[in-house]
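Novice: Sequence first, then the predicted structure, then my questions.
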Amino acid sequence: MNRLGIMGGTFDPIHYGHLVGAEMARSKFNLSKVLFIPSGTPPHKDRSDISAAGLRYEMIERAIQDNPAFDISAIELERKGPSYTVDTLRVLREDWPDHELYFITGSDVLCEIFSWHEVEEILKMTEFIGAARPGFDASDFLLKVHQEHPEAQGRIHYLEVPALAISSTDIRARVKLGEPIRYLLPEPVRLFIQDHGLYTEEGSAL
Ligand code: ATP
Ligand code: MG
């Protein structure tokens, strides 16, 4: 059975934390492809000023162009209203019938999954790969899964990756303050941010 990795997020902007997590998961779990799926209206974000979907999409395209195992999907951008992971997974199950699904998250997001809409359904459709993220220790969460969610046993995997304390929030703040972001994300993405004046006072969101 082939395995499809799914990397969901806001990606405002995409950075090396996302790319390293996806690549390590691909290699460790033998994923034939990793699909980056930018969210439309994320139910778990309180920012109302997220950059336009088209801009976030274009930045992902630039970031993944040199990795043949990485691809992008606009399914959450095309859907109206909040994009729930469960709905996305239903579509992916249909579109990739001969693939097992592996949803890749950072450890911050992994610890929240039991608050997600229809999490029981989600866990039937996909396994999870939680990549270590500096500042987010998932050990208490993993212990709790073991004790309180036996049905999720064996479907939630923890993955140590080279720790990158990079976040989109920090990158947006740096741009706003005029601090460097070079080497935190792929150069074509940095140039895109610069050319479009993103994350500045006059440009789009911080
Ligand atoms: P923001 O600061 O706006 O929340 P972010 O950097 O957390 O942005 P998201 O788009 O929220 O990026 O994250 C998408 C996915 O990538 C999430 O599962 C998140 O946990 C994971 N992720 C983000 N940054 C890292 C990182 N540095 N290391 C590992 N995983 C990461
Ligand atoms: Mg985040």
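Specialist: The structure has been received and is ready for your questions. Ligands and ions are numbered 1, 2, ... in the order given.
Novice: isn't there a strand covering Asp71?
Specialist: Yes: with DSSP: H, G, I helix; E, B strand; the rest coil as the criterion, Asp71 is part of a strand.
Novice: which residues touch it?
Specialist: Going by Cβ atoms under 8 Å, 6 or more residues apart in numbering, Asp71 touches 33-36, 64. The C-beta positions use only the backbone N, C-alpha and C, and glycine is treated the same way.
Novice: one more time with 7 Å, if that's ok
Specialist: Going by Cβ atoms under 7 Å, 6 or more residues apart in numbering, Asp71 touches 33, 35.
Novice: near ligand 1, which residues of this structure?
Specialist: 9-12, 17-18, 21, 105-106, 108-109, 131, 133, 164, 166-169 (Cβ under 6 Å from any ligand atom).
Novice: Could you rerun that using 5 Å?
Specialist: Taking Cβ under 5 Å from any ligand atom as the measure of proximity, the chain contacts ligand 1 at 9-11, 17-18, 21, 105-106, 108-109, 131, 133, 164, 166-169.
Novice: Just the buried residues of stretch 115-133, please?
Specialist: For stretch 115-133, the buried set under the neighbour-count rule, 16 or more other Cβ atoms under 10 Å, comprises 116, 119, 122-123, 125-133.
Novice: swap in stretch 164-184?
Specialist: 164, 166-168, 171-172, 175, 181, 184.
Novice: For this protein, give me the ranges with low pLDDT.
Specialist: 41-48, 202-206 (pLDDT under 70).
Novice: would you list every one of the helices in it?
Specialist: 16-28, 53-64, 75-78, 85-95, 107-110, 119-125, 139-148, 168-177, 187-196 (DSSP state H).
Novice: who wins for proximity to Leu159 among those helices?
Specialist: helix 16-28 (6.0 Å; Cβ to Cβ).
Novice: Can you report how many residues lie near Ser39?
Specialist: 24 (other Cβ atoms under 10 Å).
Novice: if I pick it, what's in contact with it?
Specialist: By Cβ under 7 Å, 6+ apart, the residues touching Ser39 are 8-10, 76, 83.
Novice: how about a cut-off of 6 Å?
Specialist: With contacts taken as Cβ atoms under 6 Å, 6 or more residues apart in numbering, Ser39 has the following neighbours: 10, 76, 83.
Novice: export the helices of the chain to JSON lines and tack on distance to Ile156?
Specialist: Output for the helices of the chain, formatted as JSON lines (distance: least, Cβ to Cβ, whole Å):
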{"stretch": "helix 16-28", "distance to Ile156": "13"}
{"stretch": "helix 53-64", "distance to Ile156": "25"}
{"stretch": "helix 75-78", "distance to Ile156": "22"}
{"stretch": "helix 85-95", "distance to Ile156": "14"}
{"stretch": "helix 107-110", "distance to Ile156": "7"}
{"stretch": "helix 119-125", "distance to Ile156": "8"}
{"stretch": "helix 139-148", "distance to Ile156": "6"}
{"stretch": "helix 168-177", "distance to Ile156": "24"}
{"stretch": "helix 187-196", "distance to Ile156": "30"}
